[in-house]
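> Coordinates only, no sequence provided:
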C-alpha cells in the first residue's frame, strides 16, 4: 500500500500595489501657504454670498419689495436734487418750453438752426442760414460755434421761448434764451444766451428770415 503525499500547498500570489511617486504628483490645492491664504481670504465672502442667496430664495417677496423701495428712493432723490430723471430718461437737452401767453413754440427751422449751433456743425448752420434775408457770413458763424457750441466743458441746458411778437407784415419775432453750463476748476457756472429770430410765412411753409445771437448774461 502506497501512501501518496499531498501536493504542496499553492502559494496565493497577491498583487502588491505599486507605490506612486508622490514627488511627481502636482501639489494639492490649498497645501501651500499661498493657497491657504487665498482660501482664508475667500472663505468669509463666499459664505456670505451663500447665505445671502439662501435668504433671497426663502424670502423672495420681502427682497423684491426692498429692491423696489430702494429703486424708488434713488429715483426720487435724483429727481429732487437735479430736476431730471435718472439715466437721462425723458431728458431732452433741446426742450423748448411753450410761451405761456400765446402758446407758440419755436418752429422747426429755429430748432434746426439751434441744433446745428449746439453741435458745432458749420455746414448745417450755413444751410440753416441760407434762407435769411441777409445771410450771416461764415466768419460770424464760426465765432458763434467757437463761443456757444457744446463741448466737453460747455453744455447746453434748457431752451425757452421768451416771447413771440407778431408784425404787421404777418412775420413773427421770436426771443429765445439758452442755458449755457460751463465746467472749470472753480466748479460749474450758468449763463443765459439770448437769440432773436424772425419767421415769415411762405408758399412752401415758414421761412427763417433772421437769426441773431444777442448777448449772454451770467446767472447768479
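Looks like it came in fine. It should be emphasised that the depicted structure is a prediction, and the values quoted were computed from it without experimental measurement.
> now the helix ranked longest in the chain, how far from the centre of its chain.
Longest helix in the chain, counting residues (DSSP state H): helix 33-58. Taking Cα atoms, centre = their mean, to the nearest Å, the mean C-alpha location of helix 33-58 is offset from the chain mean by 34 Å.
> do the same with stretch 52-65
30 Å.
> Break the chain into its domains for me.
Following automatic domain parsing, one finds the domains of the chain at 32-82, 96-218.
> can you list those in TSV and add mean neighbour count and mean pLDDT?
Where you see a C-beta, it was placed from the backbone N, CA and C, and this is true even at glycine. Formatted as TSV, the domains of the chain follow (neighbours: other Cβ atoms under 10 Å; pLDDT from 0 to 100):
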stretch	mean neighbour count	mean pLDDT
domain 32-82	11	83
domain 96-218	15	85
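> So which residues of this protein form helices?
Using DSSP H, helices in the chain cover 33-58, 60-82, 108-119, 122-128, 138-148.
> Can you give the distance of the third one from its chain's centre?
The reference is to helix 108-119. 23 Å.
> Who are the packing partners of that helix?
Here helix 108-119 touches helix 122-128, helix 138-148, strand 172-184, strand 187-200, strand 207-218, going by 3 or more Cβ pairs under 8 Å, 6 or more residues apart in numbering; DSSP states H and E.
> Dump the ones you listed to TSV, plus distance to residue 42.
Output for the helices and strands packed on helix 108-119, formatted as TSV (distance: least, Cβ to Cβ, whole Å):
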stretch	distance to residue 42
helix 122-128	56
helix 138-148	55
strand 172-184	42
strand 187-200	43
strand 207-218	56
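> Looking at those, which is nearest to residue 74?
With distances scored as Cβ to Cβ, the stretch of the helices and strands packed on helix 108-119 nearest to residue 74 is strand 187-200 (22.4 Å).
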